[in-house]
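Trainee: Quick check, what structure comes out for this input:
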Amino acid sequence: MIDLANESTIPLTDAAKLLPRRPSVATLWRWAMKGVRGVRLETCLVGAMRYTSREALQRFSDRLTAADRDEPVPTRTPRQRERAIGAAERALREAGV
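Mentor: Numbers count the residues shown, from 1 in each chain. Purely as a prediction, here's the structure:
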């Protein structure tokens, strides 16, 4: 799931420009709606605009690569994500940041 507060959101039309070989926007829509090899690109709808994030593109690529290699697809539950965020925040506080 895209974290709107902490991720660099971009419209799907701009996301296509960030990738090698510049896939069409229709391809990104297909990745988001149907997926590839069981892996879907994370998107969110804000008003009438569909967004993804740089981080979601990276997760999509990582999961797709893992699926291609028959490796387990790395996923984290929202609870695991919250725990990781809490641990990172504690580490930053302890470091004085």
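
Trainee: Give me the pLDDT for residue 43.
Mentor: Listed pLDDT for residue 43 reads 95.

Trainee: Quick one: neighbours of it, just the number.
Mentor: 20 (other CB atoms under 10 Å). Every residue, glycine included, has its C-beta placed from N, CA and C.

Trainee: next one: phi and psi at it?
Mentor: Main-chain torsions, residue 43, degrees, to the nearest 10: phi -140, psi 170.

Trainee: burial measure for the nearest residue to it once chain neighbours are set aside, as a count.
Mentor: Spatial nearest neighbour of residue 43, chain neighbours left out: residue 32 (4.4 Å); criterion: CB to CB, 6 or more residues apart in numbering. Here the number of neighbours of residue 32 (other CB under 10 Å) works out to 19.

Trainee: helices or strands next to the one helix or strand residue 32 maps to in the packing?
Mentor: For residue 32, the host element (DSSP states H and E) is helix 25-33. The contact analysis (3 or more CB pairs under 8 Å, 6 or more residues apart in numbering; DSSP states H and E) places helix 25-33 against helix 12-18, strand 49-53.

Trainee: Adding mean neighbour count, mean pLDDT and distance to residue 5, write those out as JSON lines.
Mentor: What follows is these, written out as JSON lines (neighbours: other CB atoms under 10 Å; pLDDT from 0 to 100; distance: least, CB to CB, whole Å):
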{"stretch": "helix 12-18", "mean neighbour count": "15", "mean pLDDT": "91", "distance to residue 5": "19"}
{"stretch": "strand 49-53", "mean neighbour count": "19", "mean pLDDT": "93", "distance to residue 5": "11"}
